[in-house]
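Q: Curious how this folds, go ahead:
(2 chains)
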Amino acid sequence: MVRVNQRDELAWEPGLTVARLLERMNYIYPHMVVRVNGVVVEEEAYADYPIPDGAEVSVIHLIAGG
Amino acid sequence: MTDKITRHVLAEFPYQRSPVERGYTNQTLYINVSDYTIAARPVTDFMKEKFIGGRGFDLWLLWNAVKDTTRWNDPENEVVISPGPCSGVTQYPGSGKSIVATISPTTHVVTDCNVGGHFGPQLKFAGWDALELQGIADRDVIVVIDGPAGKVTIEELPEAPTDTHLLGAWLTEALAETPEDRYVISTVTTGTGAEHTLIGCLNFSLFDRKRNDIRYKQAARGGPGTVFRHKRIKAVVVIGFPVKGTSVAPADPERLARVGAKMQREVHEYDPKQNRMRNRGTPYLVHIMNAYDLLPVHNFKFGAHPDHVKIMADVWEARFTQGLPDGCWYGCTLACAHAVDGFELRTGPYQGQRVIVDGPEYETVGALGSDCGIFDPDAILELNFYCDTYGIDTISFGNLTAFVMECYEAGILNLERTGGLDLHFGNAAAALELLHQMGRGEGFGLIAGQGVRRMKQIFAEEYGADPAFLWDIGVEVKGMEQSMYMSKESLAQQGGYALTNKGPQHDEAWLIFMDQVNNQIPTFEDKAEALHYFPMWRTWFGLCGFCKLLWNDVIPPSNKYSQEPAKIPEHVANYVEVFSAVTGREVTKEDLIRMSEAVYNFQRVFNWRLGGGSRKDDIPPYRAVGPVTKEEYESRQERYDKQLRELVGVDPTSLTTEEKMAALRQYREGRYQQLMDAVYKRRGWTPNALPTLEKLHELGIDLPEVVEVVKRYL
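A: A predicted model of the protein is given here:
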């Protein structure tokens, strides 16, 4: 299990990456800050960055409206 | 070109133009159209220190102009327009705004609008930090502020049309002596719809040199156009001066240039990789909002619709004239104010004409589109154009049309009551006819044009509809129709809309993602802190004449490492620099919040003075808080059942949908009450939303007349 934003639980799967997590969460906003266990992940690394089982993931959408 | 028309000058006021110094001209212009008084008034140091400019000046001038009993249609009510000290800056993008304030015909408290176009900066360059329009004329008048000639006139121009796209062009053409003069002329106009409804907007013009034509930006919320036309003012025109980098006479031009260049580079480099506002403007949000269940559909019942793809950014980007970044003020590299050129109208009095449609912005797409179940881009453009030229707020029109559509489908309205309008969701033709009725001042348009709150009362009294149901589904607070974000799943945004001074417009606080998605503000105290900081921060843009979009629609790379990424600290630091460089007043980021806090608290006291402002006025309708109908609950049953189990502590398995809805409602409404308590405490207010004397003293606005109002209610 992975916990997202200290609230939402997502079943862990083998090979889970940041990109896959964003896809499963339907997080499509183009500008986010992703941290996996407190470590900032650069956008270029989303496709390959592994998320271990039990990870705490923070996905901060940098959007503050009109 | 002036020989083309006959100008009947009713009053003339020659003046010595006050030069701009450090963002200010140090005088305001007062005009009374009842008795044709025109006067210059000084800007005091106290005004600059405590009210800064823009919305702050508007509120201070309006406070001194009206009585406790003044209603929107009384002669002493004013339309006040002020640009703010930083408006007119060309070095830093997004620095050309005007702020409008008046007592609203729908909320009966003060409404304020932040609007682009060239009027505010040119008003300043013509010598004025603010314009007060008071009185009610006995005939239609036009006010001309002629900076180069050094005179202000009140004129009767009997040939002048009323609807904006005609009047703005007519006036600009008539008053420009040379083609170049058109660049420095800006008009404020409205239209026939503002005469017949309470949701009238004002259109602020700009001459678009690339198109060689006139375009308009709207000050729309709360009915300022209605007040304007009720005064029988058809237009205010300013004739200003060619714009230079030194037009606002900044205290430190080099410092301003440095921070401006830095931000211009940032926009140039990162906007193409981020929101692409320069290409497609705010409609980029349609797809995003739909994905997060936040796009209003069918009068805010739902947050997504499969047909949203028909009205998302790509559709508009293809319609917007390509290769033309569209700024609403000089020097704005974000240039997001896009337009559709050569749009052929299919209905109404201008059928067959090819026109420029300014927009649509995201809010307009949501209001005229998804919220009404209309997913036809041509219909949205046609509605957008006619709203603008008739002088009608697109957000209020879309919101109230969605409301009557739901009433129609619920059997509260029928063909007889609507005069033959088949107001099912998705019927664009009926929506257009409703709009044309508002323009003509006839039929059901006259009822709908009074706004959602008034319709609730009419439908209950005259059609026997259930008042509780109407209260639940009419998405307005204080009498203002809510803008286009779903707030059901964000308690903080429910407060962001309803715990406002003017009504549910997202320009005070937009916390949905911080709350609902990011979970950055989980506790009541966290939400209260956000509902303190962000409304104050956003208020500051209106004090100075800035556009909010440059703060957080382009994000610097460093932001991801910030401890408070939602605040975009690097951009806050930019604004500290810009304000200090323009005014010569050295400030800190904390000072900016304090400036806003003084004005914000003053505005809340102003609301109390006018009979609003209390806790009961801050309650949202339940449609903005949770599912009103079975249809809504069952459409997101998994979500709501989960919340009942995990948050409410109720097992939903043995409950009917009605029982589950009741349990969820009790929980959510209770949480909202707790939020109110927390927010009022954080803001230094009583539990009834009244600023305390201690707070006023702390902010330095414990003026005798302000204290006197507060003491009445303590």
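Q: so A:R24 touches A:W12, yeah?
A: No: using C-beta atoms under 8 Å, A:R24 is not in contact with A:W12, being 10.7 Å away. Using the backbone N, CA and C atoms, a C-beta is placed for each residue, glycine as well.
Q: Specify the local secondary structure of B:D181.
A: Three-state assignment for B:D181 (DSSP: H, G, I helix; E, B strand; the rest coil): helix.
Q: Quick one: residues contacting it.
A: B:D181 makes contact with B:L175, B:I239 under the criterion C-beta atoms under 8 Å, 6 or more residues apart in numbering or on different chains.
Q: I'd like the distance between it and chain A.
A: 34 Å (C-beta to the nearest C-beta, to the nearest Å).
Q: Which pLDDT value belongs to that residue?
A: Looking at B:D181, its pLDDT is 95.
Q: what about it, distance to B:G116?
A: Per C-beta to C-beta, to the nearest Å, B:D181 is found 21 Å from B:G116.
Q: Can you report how many residues neighbour B:T25?
A: When neighbours are defined as other C-beta atoms under 10 Å in any protein chain shown, B:T25 has 25 of them.
Q: per-residue pLDDT, it?
A: 98.
Q: quick one: it from chain A, how far?
A: 31 Å.
Q: Now for the closest residue to B:I374 other than its chain neighbours: which residues touch it?
A: Distances taken as C-beta to C-beta, 6 or more residues apart in numbering or on different chains place B:A428 nearest to B:I374, at 4.8 Å, with adjacent residues excluded. Neighbouring residues of B:A428 by C-beta under 8 Å, 6+ apart: B:C372, B:I374, B:D376, B:A379, B:L383.
Q: give me that answer again for 10 Å
A: B:347, B:368-369, B:372-376, B:378-380, B:382-383 (C-beta atoms under 10 Å, 6 or more residues apart in numbering or on different chains).
Q: In ChimeraX, select just the buried ones from those.
A: Per 16 or more other C-beta atoms under 10 Å in any protein chain shown, the buried members of the contacts of B:A428 correspond to this ChimeraX selection:
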select /B:347,368,369,372,373,374,375,379,380,382,383
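Q: Return the subset of the contacts of B:A428 lying in strands.
A: Using DSSP state E, no member of the contacts of B:A428 sits in strands.
Q: how about the contacts of B:A428 in CSV, adding pLDDT?
A: Shown next, in CSV, are the contacts of B:A428 (pLDDT from 0 to 100):
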residue, pLDDT
B:T347, 98
B:L368, 98
B:G369, 98
B:C372, 98
B:G373, 98
B:I374, 98
B:F375, 98
B:D376, 98
B:D378, 97
B:A379, 98
B:I380, 98
B:E382, 98
B:L383, 98
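Q: I'd like the contacts of B:A428 written out as TSV, with distance to B:K589 added.
A: Shown next, in TSV, are the contacts of B:A428 (distance: C-beta to C-beta, whole Å):
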residue	distance to B:K589
B:T347	50
B:L368	38
B:G369	38
B:C372	41
B:G373	44
B:I374	43
B:F375	43
B:D376	46
B:D378	46
B:A379	45
B:I380	40
B:E382	45
B:L383	41
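Q: So which of the contacts of B:A428 are in helices?
A: Per DSSP state H, helices hold the following members of the contacts of B:A428: B:D378, B:A379, B:I380, B:E382, B:L383.
Q: The residue nearest to B:I374 and B:C372: what is the separation?
A: 8 Å.
Q: is whatever residue of the stretch 101-250 of chain B ends up closest to chain A in a bridge, and if so with what?
A: For the stretch 101-250 of chain B, the residue closest to chain A is B:N114, as judged by C-beta to the nearest C-beta, at 11.2 Å. Beta-bridge partners recorded for B:N114 (DSSP bridges): B:I99.
Q: count of neighbours near it?
A: The number of residues packed near B:N114 is 24, by other C-beta under 10 Å.
Q: What is the burial count for the closest residue to chain A within chain B?
A: Closest contact between chain B and chain A, by C-beta to the nearest C-beta, is at B:W510 (2.7 Å). By other C-beta under 10 Å, 24 other residues sit near B:W510.
Q: isn't it right up against B:L549?
A: No: using C-beta atoms under 10 Å, B:W510 is not in contact with B:L549; the gap is 11.8 Å.
Q: quick one on the thing from earlier: now for B:A428 and B:C372: what residues contact both?
A: In contact with both B:A428 and B:C372: B:A379, B:I380, B:L383, using C-beta under 10 Å, 6+ apart.
Q: Pretty sure the last one sits against B:C372.
A: Yes: taking contact to mean C-beta under 10 Å, the distance of 8.8 Å between B:L383 and B:C372 places them in contact.
Q: okay, and the common contacts of the two?
A: With C-beta under 10 Å, 6+ apart as the test, B:L383 and B:C372 both reach B:F397, B:G398, B:T401, B:A428, B:A431.
Q: What are the neighbouring residues in contact with the first one?
A: Listed by C-beta under 10 Å, 6+ apart, the contact partners of B:F397 are B:193, B:197, B:199, B:201, B:220, B:364, B:367-368, B:372, B:383-384, B:386-387, B:390, B:431, B:434-435, B:438, B:448-449, B:451, B:481.
Q: same thing with the last one?
A: Applying C-beta under 10 Å, 6+ apart, we find B:A431 in contact with B:368, B:372-374, B:379-380, B:382-383, B:397-398, B:401-402, B:404-405, B:421, B:423, B:425.
Q: same thing but 7 Å
A: Applying C-beta atoms under 7 Å, 6 or more residues apart in numbering or on different chains to B:A431 gives the contacts B:C372, B:I374, B:L383, B:T401.
Q: Quick check: pLDDT value at the last one.
A: According to the model's per-residue confidence, B:T401 sits at a pLDDT of 98.
Q: okay, now it: neighbour count?
A: 28.
Q: next one: B:T6
A: By other C-beta under 10 Å, neighbour count at B:T6 equals 11.
Q: go on, the one 4 residues further on?
A: B:L10: 15 surrounding residues under other C-beta under 10 Å.
Q: In contact with it, which residues are there?
A: Contacts of B:L10 by C-beta under 7 Å, 6+ apart are B:Y36, B:V141, B:I154, B:E155, B:E156.
Q: average pLDDT across stretch B:620-640?
A: 98.
Q: sorry, back to before: between all of the shared contacts of B:L383 and B:C372, which two are separated the most?
A: B:F397 and B:A428 (13.0 Å; C-beta to C-beta).
Q: Distance-wise, check the closest residue to B:V143 other than its chain neighbours relative to B:Y30.
A: Excluding its sequence neighbours, the residue lying closest to B:V143 (C-beta to C-beta, 6+ apart) is B:V236, at 4.5 Å. Noted for B:V236: a distance of 13 Å to B:Y30, by C-beta to C-beta.
Q: Comparing those two, which residue is more hemmed in?
A: More neighbours surround B:V236 than the other of B:V236 and B:Y30, with 26 against 21 (other C-beta under 10 Å).
Q: Check that one and give its pLDDT.
A: 98.
Q: What is the three-state secondary structure of it?
A: Using three-state DSSP, the structure places B:V236 in strand.
Q: B:L543 is in contact with the residue of the stretch 101-250 of chain B closest to chain A, correct?
A: No: contact status for B:N114 versus B:L543: not in contact, 10.2 Å apart, counting by C-beta atoms under 7 Å.
Q: how about the residue of chain B closest to chain A, phi and psi?
A: phi -130, psi 100 (degrees, to the nearest 10).
Q: sorry, back to before: from the shared contacts of B:A428 and B:C372, which is closest to B:V110?
A: When these are compared against B:V110 (criterion: C-beta to C-beta), the nearest one is B:L383, at 28.3 Å.
Q: need the contact list for the nearest residue to the closest one once chain neighbours are set aside.
A: Excluding its sequence neighbours, the residue lying closest to B:L383 (C-beta to C-beta, 6+ apart) is B:L368, at 4.4 Å. By C-beta under 7 Å, 6+ apart, the contact set of B:L368 is B:I374, B:I380, B:L383, B:N384, B:T394, B:G398.
Q: so where does B:I38 fall, helix or strand?
A: strand B:37-42 (DSSP states H and E).
Q: tell me the mean pLDDT over that strand?
A: 98.
Q: What lies in contact with that strand?
A: B:A11, B:F13, B:Y15, B:N26, B:Q27, B:T28, B:L29, B:Y30, B:I31, B:V152.
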